[in-house]
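Visitor: Return atomic coordinates for the entry below.
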Amino acid sequence: ATRSASAAVFVVLLVGCVWWNYISFSLFFFVVSMIGLHEFYKISEKMGAKPLKIAGFIFGILTYLSFVVINNYNSEPVLSMIKSIQKLATVIVLLSPFIIMALAMLSKAENSIKNALFTIAGIGYAVIPFGLLNRTVYREDGCDGAYFVPKLILGVIFLIWSNDTFAYLGGSLFGRNKMIERVSPGKTWEGTIIGVLITFGLSFTFNYWVYDLDSFSWPILGALVPVLATVGDLIESKLKREAGVKDSGQIMPGHGGILDRFDSLIFVSPFVFVFFQL
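Guide: Purely as a prediction, here's the structure:
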C-alpha cells in the first residue's frame, strides 16, 4: 500500500509539473537534480570519497541555470539582465572542473583529487541530464522561434515506463537467462527483449496519441530509449552495488531515492537531446 501510494503521488507530481507550464517544469527538475546531487554525494562517501559539497552544489545550481530557456519573457530589460546572468553562469560552469580541481589542490584532506573528481562526476551525472531536458522540451519553429512542448518529454518518459513495465512482466513470466547477474540479479534477457519490442511497437502510435513528429522519429526513439534506459538502470545498480547500498535515498517510501526513480531518464536525456539536434 505504501509503495502504491508513493508511486501515485510521484506520477501525479511529475506529470502535473511537466504539463502545467515551463516554470513548473523547470522548477520540478531543478529540485530533482539537487536532491539527486545530494544522493550522489552520499553514495560517494560510501565509496570512500569526500566530495566538495558546497562547491558541488554552487556549480550544480549554476550548471542547471545555464540550461534554462529564458526567451519567453516579455520585459526587454528583464530579459537582457537574465541573459547576462545566464552567460556569466555558463562561463563559470565551463571553468568549474578546473576550479574544483584547484580547490582540491588547496585542500588538506586525503585523496583530494579523488574527492574533486567525485564532485565533478556528481554534476555530470545528477544535474546535466536534467538541465538538458530544459532544451529538449522546446521545439524550433522557423517563423515563431522555439515553443514549449511538454508532450515531447512526457512521450519519452512514457517510453521508459513502458519498457520498465513490460520488461518486468516479461521477466517474471518468461525470464530464464540472467542479463548481468553481478550488477542486477533480477534482470533477464527475455524480459529486456520483451520490453524493447513492445515499447518499439507502441511508439508507432505516438504520432497520433502523444505528439506529431517528423517521419519515423517516434519509432526510432521507441527502439533507442528502451536500450538506453536499461543501460542507465544497470549503471545506477552498479554504482549502488560498489557503494554497498540498496537505495540511493529514502525520499520515496517503497521506491528509494531520486536516482533510483530517474536512473533511466538520466541516461536517456543526453541522447534524446542530441537526437533532436540532428
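
Visitor: from memory His255 sits against Val9, does it?
Guide: No: counting by Cβ atoms under 8 Å, His255 sits too far from Val9 to count as a contact (10.4 Å). (Each C-beta comes from the backbone N, C-alpha and C, glycine too.)

Visitor: who's more crowded, those two?
Guide: More crowded of His255 and Val9, by other Cβ atoms under 10 Å: His255, with 17 against 12.

Visitor: Specify the residue positioned farthest from the middle of this structure.
Guide: Lys108 (33.4 Å; Cα atoms, centre = their mean).

Visitor: Give me the secondary structure label for that one.
Guide: coil (DSSP: H, G, I helix; E, B strand; the rest coil).

Visitor: Then the one 5 residues further on?
Guide: Using three-state DSSP, the structure places Ile113 in helix.

Visitor: From Thr205, how far out is the closest residue in space to it that isn't next to it in sequence?
Guide: The shortest distance from Ile113 to any non-neighbouring residue, by Cβ to Cβ, 6 or more residues apart in numbering, is to Ala104 (5.7 Å). Ala104 sits 50 Å away from Thr205, taking Cβ to Cβ, to the nearest Å as the criterion.

Visitor: So between the two, which is more surrounded?
Guide: Legend: neighbour count by other Cβ under 10 Å for Ala104 and Thr205, higher for Ala104 (21 against 11).

Visitor: Quick check: that one touching Phe118?
Guide: No: using Cβ under 8 Å, Ala104 is not in contact with Phe118; the gap is 10.2 Å.

Visitor: Regarding the residue lying closest to Glu45 once chain neighbours are set aside, what is its secondary structure?
Guide: Leaving aside its sequence neighbours, Glu45 sits nearest to Pro51 (Cβ to Cβ, 6+ apart; 7.5 Å). Following three-state DSSP, we place Pro51 in the coil state.

Visitor: ok, and what's touching the helix or strand hosting Leu202?
Guide: Following DSSP states H and E, one finds Leu202 within helix 189-203. Here helix 189-203 makes contact (Cβ atoms under 8 Å, 6 or more residues apart in numbering) with 159, 162-172, 174-179, 218-219, 221-223, 225-227, 230.

Visitor: Then stretch 249-263?
Guide: 2-7, 10, 32, 35-36, 38-40, 42-43, 126, 130, 232-233, 235-237, 246-248, 266.

Visitor: Can you point out the buried residues in stretch 198-205?
Guide: By neighbour count on 16 or more other Cβ atoms under 10 Å, the buried set for stretch 198-205 is 198-200, 202-203.

Visitor: mind checking how far that stretch is from the chain centre?
Guide: 22 Å (Cα atoms, centre = their mean, to the nearest Å).

Visitor: do the same with stretch 188-205
Guide: 21 Å.

Visitor: circling back to that earlier point, mean confidence score for the helix holding Leu202?
Guide: Average pLDDT, helix 189-203: 94.

Visitor: and if you look at stretch 214-226?
Guide: 92.

Visitor: Give me the contacts around that stretch.
Guide: 155-156, 159-160, 162-163, 167, 195-196, 199-204, 206-207, 210, 268, 271-272, 275.
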